[in-house]
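sequence first, then the predicted structure, then my questions.
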Amino acid sequence: PQSANQIAAGEVVERPVSVVKELVENSLDAGAKQIEITIEGNGVPLIRVRDDGSGISPEDLPQAVLRHATSKIRRIEDLNELQTLGFRGEALPSIASVSRMDITSRQTDSVLGMNLKLIGGERCELQEMGCPPGTTITVEDLFFNTPARRKFLKTQNTEFGLISDTLGRLALARPDVSFTLKHPKQVVFQTPGRGKLLESIGVIYGQKLARQLIPLSCSYKEWTLEGYISPPDLVRSTRQEEIFIVNGRIIRSKLLSRAISEGYHTLIPNRLFPIIVIQLTLPPHEYDVNVHPTKMEIRFQNEKALAQFISEQVRKTLLDSRP
Ligand code: ADP
Ligand code: MG
């Protein structure tokens, strides 16, 4: 029932940025190489995500907005080696229950696409429709039926700021995918999607900053560490520009933050932070992503050794970069 979806929505869809994140993660899970995000106002009037991913089959489309209709877990053991970003089958029904949603999708090998329209999660139209391969989801009038939640939203600047920040992080996590953010007619940013992390950093943080960063690249057994770190004199007062990507997934980790700070040792004063974008690749069974709706917390199996590896590599990279 829609009430259950609305309750789940309270957890999954806190504000417009949560909708954007869930839709874009679905696009990534669908193997999209180009994702275009359009936002109007603070995201409440309109959020549109179009991708060139695998698409949804006509039979699956009505199912996709039902609770726990994930296509991503076949067996419960899959949870341990999960490679996709989504797996709970909660996002689409939750978002649909608090908005007017329009989904158009076509699989590459089918001739026609399908269009599904919902209001407050209730299906009101399902019809064939010509469209390019991939999926376009439009979410309008977010929280129209939950006024309390809508009231709690901040100004357009704040909400759009959160959206653009989150998309920037996702774009950094996936340099192999081209992200375009439009608000509403203007292109706010566009990453080339050529798989070059530094190009994405240039787009998101600016070319000038990107040019000052020091590349870091190393591996140990099955671990590899790739990315860019700032010289000790290029610092920030927040951890805002500290990005950790583990196997293509953005994570937060006190352990990694501390390891990085230790790598800089006394080079950076307390309460100042380097700018770093680091991709860590390790076997999926060596970490555990917490089953929480935001899926951000991570636990590493061998955390001491990993922290030591990272701080040593940061220190070594900084020393080697000295003129
Ligand atoms: P989850 O991502 O946890 O599986 P969602 O509610 O986010 O659950 O999505 C439900 C299902 O709808 C997905 O499992 C997927 O099969 C399908 N889906 C959603 N968005 C897309 C998309 N952009 N491209 C292809 N399939 C999609
Ligand atoms: Mg999902």
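Done, it's in. Ligands and ions are numbered 1, 2, ... in the order given.

got a list of contacts for the helix or strand hosting residue 245?
Applying DSSP states H and E as the criterion places residue 245 in strand 242-246. Applying C-beta atoms under 8 Å, 6 or more residues apart in numbering, the contact partners of strand 242-246 are 169, 172-173, 227, 250-253, 256-257, 260, 273-282, 287, 298. Yep, even glycine has a C-beta here, placed from its N, CA and C like the rest.

swap the cut-off to 6 Å and go again
For strand 242-246, contacts defined as C-beta atoms under 6 Å, 6 or more residues apart in numbering pick out 172, 173, 251, 253, 256, 276, 277, 278, 279, 280.

just the ones in strands from those residues, please.
251, 276, 277, 278, 279, 280 (DSSP state E).

okay, now the sheet partners of the strand holding residue 245, with direction.
Using DSSP bridges, the strands paired with strand 242-246 are strand 249-251 (antiparallel), strand 276-281 (parallel).

mean pLDDT for those strands: which is lowest?
Ranked on mean pLDDT, the bottom entry among the strands paired with strand 242-246 is strand 249-251, at a mean of 87.

which single one of the ones in strands among the contacts of strand 242-246 is nearest to ligand 2?
residue 251 (17.0 Å; C-beta to the ion).

can you give me the pLDDT of the closest residue in space to the closest one that isn't next to it in sequence?
Spatial nearest neighbour of residue 251, chain neighbours left out: residue 298 (4.5 Å); criterion: C-beta to C-beta, 6 or more residues apart in numbering. As predicted, residue 298 sits at a pLDDT of 84.

wait, isn't residue 298 in contact with residue 289?
Yes - counting by C-beta atoms under 6 Å, residue 298 touches residue 289, with 5.4 Å between them.

how far away is residue 304 from residue 251?
18 Å (C-beta to C-beta, to the nearest Å).

who's more crowded, the two?
residue 251 (19 against 9; other C-beta atoms under 10 Å).

tell me what that one is bridged to.
For residue 251, the beta-bridge partners are residue 244 (DSSP bridges).

list just the nearest of the contacts of strand 242-246 to ligand 1.
The shortest approach to ligand 1 among the contacts of strand 242-246 belongs to residue 173, at 16.5 Å (C-beta to the nearest ligand atom).

could you list the domains of this structure?
Taking automatic domain parsing as the domain assignment, the ranges for the chain are 2-190, 213-321.

got those domains as a markdown table, with distance to ligand 2 columns?
Shown next, in a markdown table, are these (distance: least, C-beta to the ion, whole Å):
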| stretch | distance to ligand 2 |
| --- | --- |
| domain 2-190 | 3 |
| domain 213-321 | 10 |
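
what distance do you get for the closest residue to residue 247 other than its chain neighbours to residue 227?
Among residues not flanking residue 247 along the chain, residue 281 sits closest, at 6.0 Å (C-beta to C-beta, 6+ apart). As for residue 281, its distance to residue 227 is 11 Å (criterion: C-beta to C-beta).

ok so, going back, now tabulate the ones in strands among the contacts of strand 242-246 in JSON lines and tack on distance to residue 115.
Output for the ones in strands among the contacts of strand 242-246, formatted as JSON lines (distance: C-beta to C-beta, whole Å):
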{"residue": "251", "distance to residue 115": "36"}
{"residue": "276", "distance to residue 115": "43"}
{"residue": "277", "distance to residue 115": "38"}
{"residue": "278", "distance to residue 115": "41"}
{"residue": "279", "distance to residue 115": "37"}
{"residue": "280", "distance to residue 115": "40"}
